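In: sequence first, predicted model second:
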Amino acid sequence: METRDLRIQARGITQNVLVGGPGDGTPVLLVHGNCSSAGFWAPLIRRLPGGVRVVAPDLRGYGRSETAPVDATRGLGDFADDVTALLDDRALFPRGGPVVVAAHSMGCGVVMQMLISRPDRFSAVLLEAPLSPYGFGGTRDLTGTPTTADFAGTGGGTANPDFVARIQAGDRSAESPTSPLSVLRSAYVADPASLGEDEALLLGTVLSTAIGDDNYPGDAVAVESWPGMGPGDRGVLNTMAPNHFNVADALAGAEPKPPIVWVRGDRDAIVSDTSLFDLAYLGSLGAVPGWPGAEECPPQPMVGQTRAVFERYGNFREVVYEGCGHSPHVERPDEVAAELLTLINGA
């Protein structure tokens with residue numbers, strides 16, 4: 001499927017939107033995750049039939065969209081409202097009506113917030129490696145109980161500073177384990193060979209991330225609890241801190257309930273019960289000094305939390321790919337495309 005970029009003014013910012021397929025095709029919205037952009041969907045888009053209308057925005061501060069501040073106190077609300085505004089644009093969705101939506105990682109949290117506010121806008125939902133409905137880090141059990149009162153170990157201060165600096169510098173090398181290319185190969189996928197000829201394209205989406213306290217990673221504050229930093233109120237990683245993002249009850253109670261297909265890899269290094277981006281789990285490995293132990297600071301049970309909330313939601317199906325990492329649409333593109341087409345045909 002051929003795609004083109006459209007520049008859309010919405011909510012006071014210019015959003016770049018990747019569009020493909022005929023205007024009268026079945027509308028499909030694609031919402032990318034953190035440290036990527038709409039171009040990260042390329043392996044999936046090329047497997048969709050010509051009768052599908054694909055709309056894939058670059059979120060604010062990613063890709064070619066305008067770099068605008070992110071108010072983390074709204075959770076992922078700034079992103080969700082930006083994308084919701086696009087649903088009424090007839091240049092993007094000439095047919096109008098509800099859409100099928102697929103989202104990846106942080107983008108799933110964006111869609112969760114959209115589902116809560118406007119569930120009628122969606123006919124079906126595919127969530128790929130979704131952020132826990134209780135946020136990222138800082139919770140200890142399946143009901144999302146905060147590990148500490150100050151939400152230590154979450155937010156903007158948890159980002160690796162070398163990774164952040166290398167994004168800002170546009171580093172395309174693999175000379176360091178924390179270079180964007182090395183992280184793409186080791187964390188975004190389980191098998192780096194699955195990146196194939198798309199590696200340079202996908203790396204470019206990572207490098208498109210706007211850096212700063214108002215964007216990625218966001219600001220941080222000093223706190224008393226281990227590991228000494230907690231969430232600020234600005235920027236991307238703070239939007240997912242559990243003091244700002246906890247949509248579990250609202251998502252479970254959303255009405256109507258469009259069907260959700262939850263796809264994930266069993267070797268996901270980012271969103272899992274043993275996440276290499278969860279400071280509590282890294283502390284248990286000895287990678288972050290001073291970890292106070294599993295009773296005081298257990299790793300977040302991300303997968304279990306998501307399953308528990310989806311079971312309360314009711315209308316969902318879980319699909320697990322063996323030997324697959326954080327990006328099933330890159331590592332198992334034919335299988336993810338088939339799941340999406342099933343939802344499209346059902347819609």
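Out: Looks like it arrived, so ask away. Residues are numbered from 1 along each chain as shown.

In: from now on I want contacts and neighbour counts done on CA atoms only, so please keep to that.
Out: Fine.

In: just the strands from the stretch 151-300 of the chain, written as ranges.
Out: Secondary structure of the stretch 151-300 of the chain by DSSP state E, counting those that start in this stretch: the strands cover 211-212, 216-217, 220-222, 229-231, 260-265.

In: can you redo those as CSV with mean neighbour count and mean pLDDT?
Out: Shown next, in CSV, are the strands of the stretch 151-300 of the chain (neighbours: other CA atoms under 10 Å; pLDDT from 0 to 100):
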stretch, mean neighbour count, mean pLDDT
strand 211-212, 19, 98
strand 216-217, 26, 98
strand 220-222, 17, 97
strand 229-231, 25, 98
strand 260-265, 23, 98
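
In: right, and the ones you listed - which one's nearest residue 152?
Out: Nearest of the strands of the stretch 151-300 of the chain to residue 152, taken as CA to CA: strand 229-231 at 4.4 Å.

In: so what touches that closest one?
Out: 150-158, 219-223, 238, 241 (CA atoms under 8 Å, 6 or more residues apart in numbering).

In: quick revisit: residue 122: which of the strands of the stretch 151-300 of the chain is closest?
Out: Of all these, it is strand 260-265 that lies closest to residue 122, at 10.3 Å by CA to CA.

In: so which elements touch that closest one?
Out: The elements that strand 260-265 packs onto, with contact taken as 3 or more CA pairs under 8 Å, 6 or more residues apart in numbering; DSSP states H and E, are strand 122-128, strand 316-321, helix 328-331.

In: ok, 6 Å please
Out: strand 122-128, strand 316-321 (3 or more CA pairs under 6 Å, 6 or more residues apart in numbering; DSSP states H and E).

In: what angle separates the first one from strand 260-265?
Out: It refers to strand 122-128. 10 degrees (axes from the mean of the first three to the mean of the last three CA atoms, to 10 degrees).

In: same check, this time on the last one
Out: Counting by the same axes, to 10 degrees, strand 316-321 lies at 20 degrees to strand 260-265.

In: pLDDT of strand 316-321, averaged?
Out: For strand 316-321, the mean per-residue pLDDT is 98.

In: what about the closest residue to residue 347 other than its chain neighbours, distance to residue 345?
Out: If the residues on either side of it in the chain are set aside, residue 347 comes closest to residue 123, at 5.9 Å by CA to CA, 6 or more residues apart in numbering. According to CA to CA, to the nearest Å, residue 123 and residue 345 sit 11 Å apart.

In: higher neighbour count, those two?
Out: residue 123 (21 against 9; other CA atoms under 10 Å).

In: ok, residue 79 - contacts?
Out: Not one residue lies near residue 79 by CA atoms under 6 Å, 6 or more residues apart in numbering.

In: 8 Å - rerun?
Out: 59-60, 110.

In: considering those residues, which possesses the most neighbours?
Out: When neighbours are taken as other CA under 10 Å, the top entry among those is residue 59 (29 neighbours).

In: just give the nearest non-adjacent residue to the residue nearest the centre of the chain, would you?
Out: For the chain, the residue sitting closest to the mean C-alpha position, by CA atoms, centre = their mean, is residue 106 at 1.8 Å. Nearest residue to residue 106, sequence neighbours excluded (CA to CA, 6+ apart): residue 33, at 4.5 Å.

In: residues in contact with that neighbour?
Out: Per CA under 8 Å, 6+ apart, neighbours of residue 33: 103-108.

In: just the element for it, please.
Out: Residue 33 is part of no helix or strand when elements are defined by DSSP states H and E.

In: now the helices: where do they sit in the stretch 1-150 of the chain?
Out: Applying DSSP state H, counting those that start in this stretch to the stretch 1-150 of the chain gives helices spanning 42-45, 77-86, 106-117.

In: to residue 10, which of the helices and strands packed on strand 260-265 lies closest?
Out: Closest among the helices and strands packed on strand 260-265, once you apply CA to CA, is strand 122-128, at 19.9 Å.

In: what's that closest one packed up against?
Out: By 3+ CA pairs under 8 Å, 6+ apart, strand 122-128 packs against strand 99-104, helix 106-117, strand 260-265, helix 333-346.

In: give me that answer again for 7 Å
Out: Packing partners of strand 122-128 (3 or more CA pairs under 7 Å, 6 or more residues apart in numbering; DSSP states H and E): strand 99-104, strand 260-265.

In: okay if I get those as JSON lines plus distance to residue 45?
Out: Below are the helices and strands packed on strand 122-128 laid out as JSON lines (distance: least, CA to CA, whole Å):
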{"stretch": "strand 99-104", "distance to residue 45": "11"}
{"stretch": "strand 260-265", "distance to residue 45": "17"}
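
In: out of those strands, which is closest to residue 233?
Out: Using CA to CA, those put strand 99-104 closest to residue 233, at 23.4 Å.

In: which residue, other than its chain neighbours, is closest to residue 188?
Out: residue 326 (5.1 Å).

In: surely that neighbour is in contact with residue 275?
Out: No - Residue 326 lies out of contact with residue 275 (CA atoms under 7 Å); the separation is 10.6 Å.

In: what touches both of these two?
Out: residue 269 (CA atoms under 7 Å, 6 or more residues apart in numbering).

In: more neighbours: these two, which one.
Out: residue 326 (27 against 22).

In: now the more buried one: how far from residue 259?
Out: 22 Å.

In: now do the contacts for the residue nearest to residue 188.
Out: Counting by CA under 7 Å, 6+ apart, residue 326 touches 129, 188-189, 265, 268-270.
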